[in-house]
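A.B. asks: coords please:
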Amino acid sequence: LYYKKGAERRNIACLDELGDIYAEGREGVAANPSKAAEYYRAGNVHGEGCPGTRMAIVPKLLKLYSAGIGLPQDTDLAIKYMEGLKECPGTALLARLYLAKGERTDDPEKAKQYYEKAVATLERRDPNDAEAIYLLSRLTAEGTGVAQNKSAADALLSEAVDKGSLAAKFEVERPTIRSGATPPDEATLKRVRDAATAGSPQAQFELASLLIEGVGMEKNAARAFALLKSSAKSGNLEASYALGKAYASGSLGRKNPEKALGLLEAAAARSHVGAALEAARIYQRGLAGAPDPDKAIKLFTQAAAGGEGEAHLAFEGAAHLALAKIFSAGRIATPDPSLAAQHYLDAAKLGDKDARIAVLKFFFTNNSAERRGAAQPGTIAFEIQRSAEKELIFECAKEYAGTELPATSYYLGTCYAEGIGVEKNP
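C.D. replies: Below you'll find the model as predicted:
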């Protein structure tokens, strides 16, 4: 009763104490975080008395706001609440509200103003606010609201790690979330969730992947979509690719081939092999407008050229196979048996199953050793019989012999009988 009477007179110490009582649930009062936020806000904005108490209220109030307690859902009102706080340093929370406003406006000039407000807010941060430092590092890397500066962004990211930012640590360390089919343990899941909540694009992508597959948690397409969208917007390449594929297929409930193509082409421009392959397929099939053979061939060629690491090999093989079919059929490009044969062989070397079976069929077009090699010049069979490495032929035949695929056992037997790619062993 004493504290409430003091609060009515705007005594800041009483408002602060009432906030503590409702936050902690003491003095016979049930915990009520929303009520606590009301008292803290009243103390910060209207309270009269010791300035030190006002400064002490700020972190308590921000903690509740960051947890979604006491801060209005309406972005404009939330900004008004945050801007009205006294003795409050620039925070990641207010910066994110400005960024949200910028993203939602169709006016480029207004968006720019909100982005610049976000940066200015973060530049007024508490020196130890790790999440504010991390968010500023992201905006500096992207060139959002501030001139793009990779070296400055890297320095800020390193500072955020040193200050203990969960998101920054996840971005830098890129931990392995799971190994093969083994789901991540609870500690790893918590780390991913916490880092995703803190704004790590990589953690958001990893969590979205787990939600899509239902690994370690129930499937949740809507939540996965939101996480992918946030991660892709922050520049995560794998998230852009995954979101593009989701828009193309509608697998997460939102089919939009035009958005898919935009995301995939942007990722392809950053050398993502899978994105180049998927964008090529959209152009080839005309899924986002009229078919565009030239762009399809250009993107298939880019994907076939590959990238670093073994993760790209399946994409490269699929791109070579697509080009082989294009130059075989002659429907969207001039037929070129020599080029088609080379793409079939390249795809086969990369382990593409369909390409390996096709190479075997072309190589064994004639059924006897006397006739083999006599395929008509200017055909794919002729080019493959002339240029295929015999070891590759044996490897493909051995891989599929005894499977449900027709003639593969015959192909392997012929290799042993004639010494094709292996020592002759009748």
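A.B. asks: wait, isn't Thr365 in contact with Ile380?
C.D. replies: No: the pair Thr365 / Ile380 is not scored as a contact, 9.2 Å apart, by Cβ atoms under 8 Å. (C-beta placed from N, C-alpha, C; glycine too.)
A.B. asks: more neighbours: the two, which one.
C.D. replies: Neighbour comparison, Thr365 and Ile380: the larger count goes to Ile380, with 26 against 18 (by other Cβ atoms under 10 Å).
A.B. asks: could you check the pLDDT of that one?
C.D. replies: Reported pLDDT at Ile380 in the predicted model: 94.
A.B. asks: who touches it in this structure?
C.D. replies: Neighbour list for Ile380: 328, 337, 340-341, 344, 362 [criterion: Cβ atoms under 8 Å, 6 or more residues apart in numbering].
A.B. asks: what about 7 Å?
C.D. replies: Ile380 makes contact with 328, 337, 340-341, 362, according to Cβ atoms under 7 Å, 6 or more residues apart in numbering.
A.B. asks: check Glu383 too.
C.D. replies: 337-338, 341.
A.B. asks: so of those, which ones are in helices?
C.D. replies: Within these, residues falling in helices by DSSP state H are 337-338, 341.
A.B. asks: top of those residues by neighbour count?
C.D. replies: Neighbour-wise, the ones in helices among the contacts of Glu383 (other Cβ under 10 Å) top out at Ala341, 26 neighbours.
A.B. asks: I'd guessed that one sits against Phe382; true?
C.D. replies: No: shown here, Ala341 and Phe382 do not form a contact pair, counting by Cβ atoms under 7 Å, at 8.2 Å.
A.B. asks: shared neighbours of those two, anything?
C.D. replies: If you check Ala341 and Phe382 against Cβ under 7 Å, 6+ apart, no residue is contacted by both.
A.B. asks: hang on, the earlier thing: would you reformat the contacts of Ile380 as CSV and include pLDDT and distance to Asp352?
C.D. replies: Shown next, in CSV, are the contacts of Ile380 (pLDDT from 0 to 100; distance: Cβ to Cβ, whole Å):
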residue, pLDDT, distance to Asp352
Ser328, 94, 15
Pro337, 95, 19
Ala340, 97, 14
Ala341, 97, 15
Phe362, 93, 14
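A.B. asks: got any ranges where the stretch 251-400 of the chain has weak pLDDT?
C.D. replies: Within the stretch 251-400 of the chain, the stretches with pLDDT under 70 are 308-310, 366-375.
A.B. asks: helices of that one, residue ranges please.
C.D. replies: Assigned by DSSP state H, counting those that start in this stretch, the helices in the stretch 251-400 of the chain fall at 257-269, 273-285, 293-305, 313-329, 337-349, 353-363, 380-387, 390-400.
A.B. asks: give me whichever of those helices is most buried.
C.D. replies: Compared across these, helix 273-285 shows the largest average neighbour count, a mean of 24 (mean count of other Cβ atoms under 10 Å).
A.B. asks: and that helix, what does it pack against?
C.D. replies: Where contact means 3 or more Cβ pairs under 7 Å, 6 or more residues apart in numbering; DSSP states H and E, helix 273-285 is packed against helix 237-249, helix 257-269, helix 293-305, helix 313-329.
A.B. asks: distance to Arg10 for these - can I get that in TSV?
C.D. replies: Below are the helices and strands packed on helix 273-285 laid out as TSV (distance: least, Cβ to Cβ, whole Å):
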stretch	distance to Arg10
helix 237-249	48
helix 257-269	52
helix 293-305	66
helix 313-329	65
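A.B. asks: count of neighbours near the residue found closest to Asn425 once you drop the neighbours it is linked to in the chain?
C.D. replies: Nearest non-adjacent residue to Asn425, counting by Cβ to Cβ, 6 or more residues apart in numbering: Tyr416, 4.8 Å away. By other Cβ under 10 Å, the residues close to Tyr416 number 17.
A.B. asks: how far is the one helix or strand Leu227 maps to from where the chain is centred?
C.D. replies: Assigned by DSSP states H and E, Leu227 belongs to helix 221-233. Helix 221-233 has its C-alpha centroid displaced from the chain centroid by 8 Å (Cα atoms, centre = their mean, to the nearest Å).
A.B. asks: what of stretch 22-38?
C.D. replies: Between the centre of stretch 22-38 and the centre of its chain there are 40 Å (Cα atoms, centre = their mean).
A.B. asks: kindly export it (C-alpha atoms) in CSV.
C.D. replies: Provided in CSV are the C-alpha atoms of stretch 22-38 (Å, rounded to 0.1, in the frame of the first residue of the first chain):
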residue,chain,number,x,y,z
TYR,A,22,5.4,-8.0,-9.6
ALA,A,23,8.4,-9.3,-11.6
GLU,A,24,9.6,-11.5,-8.8
GLY,A,25,6.2,-12.4,-7.2
ARG,A,26,6.9,-11.5,-3.6
GLU,A,27,5.2,-9.6,-0.7
GLY,A,28,2.2,-12.0,-1.2
VAL,A,29,1.7,-10.9,-4.8
ALA,A,30,1.5,-13.3,-7.7
ALA,A,31,4.2,-12.8,-10.3
ASN,A,32,2.8,-10.6,-13.2
PRO,A,33,5.5,-9.6,-15.7
SER,A,34,3.1,-7.4,-17.7
LYS,A,35,2.3,-5.5,-14.6
ALA,A,36,5.9,-5.2,-13.7
ALA,A,37,6.6,-3.7,-17.2
GLU,A,38,3.9,-1.1,-16.6
